[in-house]
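Engineer: I would like to see how this sequence folds:
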Amino acid sequence: MIQLLFLALLSGQIAAQKQELPSSAGKERKLPYTSFALTANFIGPAISEKDWYNWCVSPIQGKDGKIHIFSSRWPASEGMDGWYGRNAEIAHFVGDKPEGPFTYVGKVMTTSMFPDQQTMSGPHNPRVVEVDGKYILMYICQNPSKGGKQRVGMMISDKLEGPWRFAGENGGIMVQASTDPNHWTYNAAIGADNPTFLKIGKKYYIYYKCGTPGHMDAKYGYAVSNKLEGPYTMCDAPVTDNVSYIEDAHAFEYKNKYYLLTTDNLGGNTGIYGDLILWQSKSGLDFRLADAKIAMGNIFDYWGTEEDHEALENIPQRFIRDLSGKLERPAILFMDGKPAYLYAVGDVNINGNEIAESYIFKINWKE
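Structural biologist: Got it, this is the predicted structure:
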């Protein structure tokens, strides 16, 4: 009996050691999995509107106990390319619980609200954070006067319901590619974008992505300030050592460690196309692949059977931007001070509809 019990325990340990996500089959995985990557439960859609593409998703629990989501969206009639157009906006949704449903509250930012529409257009990429008793909303906007180069901005409010105002003294703009030929962001392919935010000690950090000389060479850096509303000074070199393209960072602190949650769009960092990466740092100023893990696989790792996946692919006019089902714009929702849910947009619409929508996963954090 003891021998049988030992063999059962041993086989259980071996099974656990071999546990993989289906998307890793036949691939050489370069990073270990997080605990929640292997145990996440798919809940369902977060924001889904038949007349709108919804892309970026940023959740936060408000002081009212409700879950507030700030999402980028644009008219479905404009197709996927509408994300950078003049009709793109950032909208506010609210729900009574993390699983939803979420109800549209109103527009937070549109091109018509920018103080200078000649240099500011197409708000996108919201990241909402509570800091110093206030709420800040990081975003990007296009600069039509410079070929659509992107810049990072900030809005600020005392309440999630608003009113929101543009922070600082430059119409909300906090970070843009440097004009110094010696700086690593000089002549950035599409400017500075994909922002996220942390307060570390008494300083404020805006993390941003820059690709020089090419967009697909992008790495993350930060801009730092002693004041929430700036001005911010950019770091002298990237702070991530990724060997392949990443984007969509969400920064957060938990138990005296700092994290960046990003995509691994091409799979060069994780070994698996489209996985998410959880970067870890003791200082928040230096993120290394040696300390990183795979945060999540693609949506097909958590939803449906192979038959479901094949049936979805065969639905005419369904939204599929990438057949892998990779997740983008990931964000962690904290509940009671602990990471509890992950939200992300899907490169496929699992309901077979023609628009992009975001999804919710329950996670079990044990990192």
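Engineer: those helices in the chain, which residues are they?
Structural biologist: Secondary structure of the chain (DSSP state H): helices located at 2-17, 35-39, 306-313.
Engineer: Can you give me the neighbour number for the closest residue to residue 162 other than its chain neighbours?
Structural biologist: Among residues not flanking residue 162 along the chain, residue 108 sits closest, at 7.0 Å (CB to CB, 6 or more residues apart in numbering). All C-beta atoms are positioned from the backbone trio N, CA, C, and that covers glycine. A total of 24 residues lie near residue 108 under the criterion other CB atoms under 10 Å.
Engineer: Just the pLDDT at residue 108, thanks.
Structural biologist: If you check residue 108, the pLDDT there is 98.
Engineer: Am I right that it is in contact with residue 137?
Structural biologist: Yes - applying CB atoms under 8 Å as the test, residue 108 and residue 137 come out as touching, 6.8 Å apart.
Engineer: Overlap in contacts, these two.
Structural biologist: 70, 90, 126, 155, 164 (CB atoms under 8 Å, 6 or more residues apart in numbering).
Engineer: How much space separates the second one from residue 106?
Structural biologist: Between residue 90 and residue 106 the distance, using CB to CB, to the nearest Å, works out to 11 Å.
Engineer: Could you point out the bridge partners of residue 278 in the sheet?
Structural biologist: Under DSSP bridges, the beta-bridge partners of residue 278 are residue 261, residue 293.
Engineer: what pairs with the nearest residue to residue 106 once chain neighbours are set aside across the strands?
Structural biologist: Leaving aside its chain neighbours, residue 106 sits nearest to residue 92 (5.7 Å; criterion: CB to CB, 6+ apart). Beta bridges link residue 92 to residue 70, residue 106, judged by DSSP bridges.
Engineer: do you know how far residue 92 is from residue 62?
Structural biologist: Look at residue 92 and residue 62: by CB to CB, they are 11 Å apart.
Engineer: With residue 131 instead?
Structural biologist: Residue 131 is 14 Å from residue 62, by CB to CB.
Engineer: do the same with residue 51
Structural biologist: For residue 51, the distance to residue 62 equals 26 Å [CB to CB].
Engineer: more crowded one of these two?
Structural biologist: The residue with more neighbours, out of residue 51 and residue 62 and counting by other CB under 10 Å, is residue 62; that gives 15 against 9.
Engineer: who's in contact with the residue nearest to residue 162?
Structural biologist: Going by CB under 8 Å, 6+ apart, residue 108 touches 70, 89, 90, 91, 92, 126, 137, 155, 162, 164.
Engineer: Now neighbour count and distance to residue 117 too, for the shared contacts of residue 108 and residue 137, in JSON lines please.
Structural biologist: Conversion of the shared contacts of residue 108 and residue 137 to JSON lines gives the following (neighbours: other CB atoms under 10 Å; distance: CB to CB, whole Å):
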{"residue": "70", "neighbour count": "26", "distance to residue 117": "21"}
{"residue": "90", "neighbour count": "24", "distance to residue 117": "16"}
{"residue": "126", "neighbour count": "26", "distance to residue 117": "19"}
{"residue": "155", "neighbour count": "23", "distance to residue 117": "16"}
{"residue": "164", "neighbour count": "21", "distance to residue 117": "17"}
